[in-house]
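Trainee: Got a sequence here, can you build the structure:
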Amino acid sequence: MANVNWGGIFPVLVTPFEADGFINETRYKELIDDAIANGAQGVVAAGSTGEFYALTTAER
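Mentor: Next up is the predicted model:
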């Protein structure tokens, strides 16, 4: 990992859920694409926005 450049913008994204509790993968992909289109070099998934408690181990 010594060659990874962590410079730039890495927004922490919220995880969009459906009413049944499953992740809305289509909306999540849209959020990622939007962040990158607006200058993000990457994103932080299941970061500090609080939804990590609702994710299963496989989803994390």
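
Trainee: Okay, now the unreliable bits of this protein?
Mentor: Where the chain drops to pLDDT under 70, the residues are 1, 48-54.

Trainee: Report the spatially closest residue to the most centrally placed residue in it, excluding sequence-adjacent ones.
Mentor: In the chain, the centroid-proximal residue (CA atoms, centre = their mean) is Ala45; its distance is 3.1 Å. Residue nearest to Ala45 in three dimensions, not counting chain neighbours: Leu13, with 6.4 Å by CB to CB, 6 or more residues apart in numbering. C-beta coordinates here come from the backbone N, C-alpha and C atoms, glycine included.

Trainee: I'd say the residue nearest to the centre of the chain and Val14 touch.
Mentor: No: the pair Ala45 / Val14 is not scored as a contact, 10.1 Å apart, by CB atoms under 8 Å.

Trainee: ok, so what distance separates the residue nearest to the centre of the chain from Ala2?
Mentor: Using CB to CB, to the nearest Å, Ala45 is found at 23 Å from Ala2.

Trainee: likewise Leu13?
Mentor: Distance, Leu13 to Ala2, using CB to CB: 26 Å.

Trainee: neighbour count winner among those two?
Mentor: Leu13 (19 against 3; other CB atoms under 10 Å).

Trainee: who are the neighbours in contact with that one?
Mentor: 28, 31-32, 35, 43-45, 47, 49 (CB atoms under 8 Å, 6 or more residues apart in numbering).

Trainee: Next, give me the two most distant ones among those residues.
Mentor: Using CB to CB, these span at most 14.2 Å, a distance reached by Ile32 and Thr49.

Trainee: And those two? Which one has more around it.
Mentor: Of the pair Ile32 and Thr49, Ile32 is the one with more neighbours under other CB under 10 Å, namely 16 against 12.

Trainee: Just confirm the more buried one is within a helix.
Mentor: Yes: when DSSP: H, G, I helix; E, B strand; the rest coil is applied, Ile32 is found to be in a helix.

Trainee: Just to check, it is in contact with Gly42?
Mentor: No: using CB under 8 Å, Ile32 makes no contact with Gly42, being 9.3 Å away.
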